[in-house]
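1. need the 3D shape of this:
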Amino acid sequence: MKSESFVSVVVVEERPLAAVAPMLQDIQGELDRHFSDYEVVAVGQGTMQPFTLQDQAVLEEIPSLRYIQLSSRVSPDVAWGAGLENAIGDFAVMFDSEATPVRAISETVALCKSGYDVVVGVAKQPRTIWYRMLRPLVEHVLHMIEYSLPRDATGLRCLSRRAVNSVSCTGRFHQQLPMRIQKTGYPQIAYNYALRPERRRAPRSLWVGARALLQLMVFNSSRPLRWMSGLGFFGSCSAFLFGTYSLLVHLVKGHVVEGWTTTILFMSALFMMQFVMMAFFGEYLGRLLDRSEQAEYSVVFEKNSAVMVNKDRLNVLSGATTTDANLVQTGRNC
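-> Numbering: from 1, shown residues only. Below you'll find the predicted structure:
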């Protein structure tokens with residue numbers, strides 16, 4: 001028996017709608033096998049392209065499809081956030097069409113209904129040797145900024161309605177969306193699955209991981225700012241002690257020529273710390289300047305499917321017609 005929970009599947013695509021029609025048909029088929037009510041929210045990301053007759057034909061063929069075209073390219077987190085804000089289901093699935101099997105949709109929704117408002121996808125991913133060597137140190141740093149996502153977490157997420165509302169109302173779009181979801185405080189569980197073998201990605205390099213670490217540290221926590229303040233205090237104390245030492249040596253020996261190398265090395269260390277602090281301060285100041293009153297994204301148009309799943313189905317019922325349990329207390333059968 002199909003579940004009566006309303007499920008929204010959000011996908012972000014840079015390709016035209018007609019180019020991803022087979023993938024959308026697979027998602028719709030999986031939803032139709034397990035759920036009575038559902039929708040697929042496709043967010044058009046990247047350079048805006050004209051909506052062609054082929055794209056319109058997709059809307060006339062696939063039911064319960066909503067296509068939202070953004071006006072310009074935005075960060076992936078903002079695009080996913082736009083999809084979640086426009087999703088209306090009891091459960092919202094952030095679906096990575098490149099590497100996630102469609103069966104993950106029904107399985108993550110079942111996990112979410114068992115009492116976990118957030119389901120995090122976890123899958124083994126290829127890594128370079130340098131990335132694997134430095135991963136333990138990176139995990140320690142992430143733990144210090146309260147980043148507690150499981151290892152090998154992917155972009156796959158399933159959120160209950162109250163978790164979606166919390167993500168939409170709290171946090172900022174420049175924060176990484178996984179961090180915003182984590183900080184909702186709702187119970188979460190890991191969902192282990194295998195990536196589609198034909199769509200496996202290239203190994204994640206150390207450079208890509210370093211960029212992600214910097215974004216997590218600077219844009220999602222104020223701890224690094226405190227670390228830089230402590231580093232500046234340490235440098236100031238060191239400079240004071242060294243100045244005191246130089247004064248005592250001058251008073252005892254009269255004139256001193258030795259110590260040129262030590263002085264240069266110490267000055268270099270101080271300048272290094274100063275420039276590191278300036279780099280972090282610049283990142284924070286840049287982020288403050290980006291906090292304008294403008295919206296993070298704008299929608300050019302939204303188009304909906306011309307066909308329905310079941311034309312005779314009522315959207316208002318006097319009571320639930322299923323005994324399917326929903327322990328996260330969201331939806332019509334709570």
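2. residues in contact with the one helix or strand Leu59 maps to?
-> Following DSSP states H and E, one finds Leu59 within helix 53-61. By C-beta atoms under 8 Å, 6 or more residues apart in numbering, the residues outside helix 53-61 that reach it are Pro16, Leu17, Ala18, Ala21, Leu24, Leu65, Tyr67, Lys303, Asn304, Ser305, Ala306, Val307. For glycine as for every other residue, the C-beta is placed from the backbone atoms N, C-alpha and C.
3. run the last query once more with 10 Å
-> Residues outside helix 53-61 that contact it (C-beta atoms under 10 Å, 6 or more residues apart in numbering): 16-21, 24-25, 28, 42, 44, 49, 51-52, 65-67, 69, 303-307.
4. looking at those residues, which are in strands?
-> Ala42, Gly44, Leu65, Arg66, Tyr67, Gln69, Lys303, Asn304 (DSSP state E).
5. now list the buried members of the contacts of helix 53-61.
-> For those, a burial check counting by 16 or more other C-beta atoms under 10 Å picks out 16-17, 20-21, 24-25, 28, 42, 44, 51, 65-67, 69, 303, 305.
6. now do the helices in the stretch 151-300 of the chain.
-> In the stretch 151-300 of the chain, the helices defined using DSSP state H, counting those that start in this stretch lie at 161-169, 177-182, 206-220, 223-253, 260-289.
7. okay, who's weakest in the ones in strands among the contacts of helix 53-61 by pLDDT?
-> Minimum pLDDT for the ones in strands among the contacts of helix 53-61 is recorded at Lys303 (76).
8. wait, that one sits on Arg66?
-> Yes - counting by C-beta atoms under 10 Å, Arg66 is a contact partner of Lys303 at 7.5 Å.
9. any common contacting residues for these two?
-> With C-beta under 10 Å, 6+ apart as the test, Lys303 and Arg66 both reach Ala42, Leu59.
10. ok, back up a step: and which of the ones in strands among the contacts of helix 53-61 is nearest to Cys237?
-> Gly44 (54.8 Å; C-beta to C-beta).
11. ok, of the helices of the stretch 151-300 of the chain, where does mean pLDDT dip lowest?
-> helix 206-220 has the lowest average pLDDT among these, namely a mean of 67.
12. so Met144 touches Leu137, yeah?
-> No - using C-beta under 10 Å, Met144 makes no contact with Leu137, being 11.2 Å away.
13. what about the two, which has more around it?
-> Neighbours per residue, other C-beta atoms under 10 Å: of Met144 and Leu137, the larger number sits with Met144, 13 against 9.
14. measure the more buried one to Val138 for me?
-> To Val138, Met144 is 11 Å away according to C-beta to C-beta, to the nearest Å.
15. same deal with Glu39?
-> Distance from Glu39 to Val138, by C-beta to C-beta: 38 Å.
16. higher neighbour count, those two?
-> Using other C-beta under 10 Å, the more surrounded residue of Glu39 and Val138 is Glu39, with 24 against 17.
17. what are the bridge partners for the more buried one, then?
-> Ser8 (DSSP bridges).
18. got a list of what it touches?
-> 6-10, 28, 31, 63-66, 86-89, 92, 304-305, 309.
19. hmm, which of the residues you listed are the buried ones?
-> Buried among the contacts of Glu39 by 16+ other C-beta under 10 Å: 6-10, 28, 31, 63-66, 86-87, 89, 92, 305, 309.
20. with just CA atoms, put the helix holding Leu59 into CSV.
-> Extracted in CSV, the C-alpha atoms of helix 53-61 (Å, rounded to 0.1, in the frame of the first residue of the first chain):
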residue,chain,number,x,y,z
LEU,A,53,9.2,23.2,-26.8
GLN,A,54,11.2,20.1,-25.7
ASP,A,55,11.3,21.4,-22.1
GLN,A,56,7.5,22.0,-22.3
ALA,A,57,7.0,18.5,-23.6
VAL,A,58,8.7,17.2,-20.4
LEU,A,59,6.1,19.0,-18.3
GLU,A,60,3.3,17.5,-20.3
GLU,A,61,4.7,14.0,-19.9
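21. what's Ile27 in contact with, if anything?
-> Ile27 is in contact with 9, 11, 20, 38, 40, 42, 62, 65, 93, 95, 97, 102, 105, counting by C-beta under 10 Å, 6+ apart.
22. one more time with 6 Å
-> Val9, Val40, Val102 (C-beta atoms under 6 Å, 6 or more residues apart in numbering).
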